[in-house]
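Next input, structure requested:
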Amino acid sequence: MVDVVLPPGSSPAQTVKFRLQHDTEPQSVLTIHNASEDGLVAFKVKTKRPDTYLVQPHQGLIEPNSTASVTLVLLQEERNTLLQMDTIQRRRVNDKFLVQSVDVDRSFYSRSERRSPKEMASELSRMWKQVDRQSISSKELVCFFYRDTADEVQQLQQQLRQSRDDPEDSDEKEDGGANWATSTQISAHEPITRSHSQMQDAITLRKKYDELMAVVAQLTMKRDALAKDLTTAQQQLQQVTIYARDVWEALVQQENSGCET
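Numbering: from 1, shown residues only. As a prediction, the model looks like this:
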């Protein structure tokens, strides 16, 4: 139904990479392509950890043979937590995204186009609740977190040396790692503790952001429609120009023939 194009260098193909740096919030951009020649598609990007990631936009409509870009941002608090982990520990963090898509008819698009951005977002959310689950296509993407390549290699070499130098402790370290992985995966999916006011502010900002993204999606679709109308108008103008020239040449020829007579 749709193709999800990951950033260059993503390997395997269903992995989303986040480069961890101290001075910026890591992000990755997905490009969702509607490969259909005539059908509209609605998409939605979900995560089990909405307090850890910002997905912008998290849903929208895509015209036939068009694309939509979705930015995935890892928020600062979780980035700091991941920066404190070593390479092996980060491998145990099992974060994922789910990209869903479904065909929609033109009547839905026409109704949504006439609505305000907030109403359009509500209409999309309502549609997702009512749509037949069998008609939804889903693609799961696994997150991969890394620092600079040299840093990753150095950490792995250090861990290998420790494992070789302390063979008696290797079982204890593996057990400790296994326990840590379990607790990490549990804690990694626990909501970030925030005060009530901070949570309310975050919810308000997210709603405003979703409304803004709905405006952007709506304007993008209108821009594409206007571009098509402009192309059609230019073609019609060219045809009228050719027709007018032919008529003018015919009149000139007729006038010249009359003069000769």
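
Could you check what's spatially nearest to residue 32, not counting adjacent residues?
In space, and not counting its chain neighbours, residue 32 is closest to residue 68: 4.9 Å by Cβ to Cβ, 6 or more residues apart in numbering. The C-beta positions use only the backbone N, C-alpha and C, and glycine is treated the same way.

host element of that neighbour?
Assigning secondary structure by DSSP states H and E places residue 68 in strand 67-74.

Would you mind getting the angle between the very next helix or strand once past that strand and strand 67-74?
Following strand 67-74 in sequence order, the next helix or strand is helix 76-83 (DSSP H and E). Counting by axes from the mean of the first three to the mean of the last three Cα atoms, to 10 degrees, helix 76-83 lies at 70 degrees to strand 67-74.

and residue 223, what are its phi and psi?
Phi and psi for residue 223, reported as degrees, to the nearest 10, are phi -60, psi -40.

Now do it: how many residues are near it, please.
By other Cβ atoms under 10 Å, 10 other residues sit near residue 223.

Would you quantify the distance from it to residue 116?
Per Cβ to Cβ, to the nearest Å, residue 223 is found 18 Å from residue 116.

Residue 100 is in contact with residue 140, correct?
No: using Cβ atoms under 8 Å, residue 140 makes no contact with residue 100, being 10.1 Å away.

Comparing these two, which residue is more hemmed in?
The neighbour count for residue 140 versus residue 100, taken as other Cβ under 10 Å, is higher for residue 100 (18 against 9).

contact partners of stretch 103-115?
Applying Cβ atoms under 8 Å, 6 or more residues apart in numbering, the set of residues contacting stretch 103-115 from outside is 1, 36, 39-42, 61, 120, 123-124, 127, 135, 218, 221-222.

try 6 Å
Residues from elsewhere that reach stretch 103-115 (Cβ atoms under 6 Å, 6 or more residues apart in numbering): 39, 40, 42, 120, 123.

Next: stretch 31-45.
Stretch 31-45 has contacts (Cβ under 6 Å, 6+ apart) with 2-5, 55, 58-59, 61-62, 64-70, 99-104, 109.
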